[in-house]
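Visitor: here's a sequence, model it:
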Amino acid sequence: MAISKQKKHEKVQLLAKELETSTTAIIGTFAKLTVAQDFALRKVIREAGGKYRVVKNKLAAISGKDTQVEGALKGLKGVSSVAFTSGDPIALAKGFAKWVGENAEYKFKLGIVDGKVLNVEEVKALATMPGKEEIFAKLLFLINAPAQRLATVINATGRDLAIVINQGVEKEKFAGGPASSKAEAPAASAAPAPEATSEAAAPAPASEVAAPAAESESSPAGELPAAGSEA
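Guide: You can find the predicted model right below:
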């Protein structure tokens with residue numbers, strides 16, 4: 001059924017506004033889709049952060065003018081629909097491709113991501129790439145991995161150093177260690193002993209030794225009592 005120029009203008013303006021901020025679009029065609037299939041497809045696209053519209057080719061080209069998806073909306077032929085998003089293109093491609101794999105009635109025509117037009121095979125390849133969340137997770141792992149290894153090495157070095165120092169002290173490899181101080185203590189206390197021995201072994205002065213002998217020799221023989229005088 002033909003629509004009025006006013007209706008066409010309204011459709012163009014509405015689609016143009018939706019495409020204004022879009023960076024990704026996937027265009028396809030279908031022979032027949034049931035109401036249930038159409039509902040399921042729209043739900044898949046919505047969950048992937050996108051929107052889905054069945055479009056008239058000429059109106060799509062006009063609506064996409066001066067947008068980042070303009071290149072994919074020019075010269076369309078046959079029945080066309082477009083799924084578009086300003087979010088993750090891989091998430092959109094993954095959800096869309098999975099649904100298409102289960103519904104042979106739908107076929108891809110082409111796609112566009114950040115101004116680069118993709119053919120059917122490239123659209124399918126896009127669906128097999130890791131998503132943004134997976135890429136960010138891998139990137140964070142790569143960023144954190146060197147820091148974790150560095151921390152491990154630093155901790156291991158500290159532990160090894162402590163072990164070496166402890167072993168050195170136990171084996172008296174370091175001056176001032178507990179074992180060396182204990183060994184030196186008895187030697188220090190025994191040092192004065194030779195001085196005491198030398199003092200004890202020193203000979204007494206000759207005057208002190210000879211004094212008693214001189215006194216005994218000077219005593220007169222007559223002062224001694226004669227044996228048997230009283231008898």
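Visitor: low pLDDT regions in this protein?
Guide: 1-3, 131-165, 167-169, 171-231 (pLDDT under 70).
Visitor: and the helices in it, which stretches?
Guide: 5-19, 35-47, 57-63, 89-102, 120-128, 132-170, 178-190, 193-201, 206-218 (DSSP state H).
Visitor: now for the shortest one, which elements pack on it?
Guide: What it means is helix 57-63. helix 5-19, strand 80-85 (3 or more CB pairs under 8 Å, 6 or more residues apart in numbering; DSSP states H and E). C-beta coordinates here come from the backbone N, C-alpha and C atoms, glycine included.
Visitor: relative to L41, which of those is closest?
Guide: Smallest distance to L41 across those (CB to CB): 8.4 Å, for strand 80-85.
Visitor: parallel or antiparallel, list what pairs with that closest one.
Guide: strand 24-30 (antiparallel), strand 51-55 (antiparallel) (DSSP bridges).
Visitor: go through the helices and strands packed on helix 57-63 and pick out the most buried.
Guide: A comparison of these by mean neighbour count, using mean count of other CB atoms under 10 Å, puts strand 80-85 on top with a mean of 24.
Visitor: and that strand with helix 5-19, angle?
Guide: Interaxial angle of strand 80-85 relative to helix 5-19 (axes from the mean of the first three to the mean of the last three CA atoms, to 10 degrees): 40 degrees.
Visitor: orientation of strand 80-85 relative to helix 89-102 in degrees?
Guide: Angle of strand 80-85 versus helix 89-102, following the same axes, to 10 degrees, is 140 degrees.
Visitor: show me the contact partners of strand 80-85.
Guide: 18-19, 22-30, 45, 48-57, 60, 69, 72-73, 91-92, 96, 109 (CB atoms under 8 Å, 6 or more residues apart in numbering).
Visitor: what does the domain assignment say about this structure?
Guide: Per the record, the chain has its domains at 7-129, 130-182, by automatic domain parsing.
Visitor: pick the most buried one from those.
Guide: Burial of these is given as mean neighbour count (mean count of other CB under 10 Å); domain 7-129 ranks first at a mean of 17.
Visitor: start and end of that domain, how far apart?
Guide: Taking CA to CA, to the nearest Å, domain 7-129 runs 40 Å from one end to the other.
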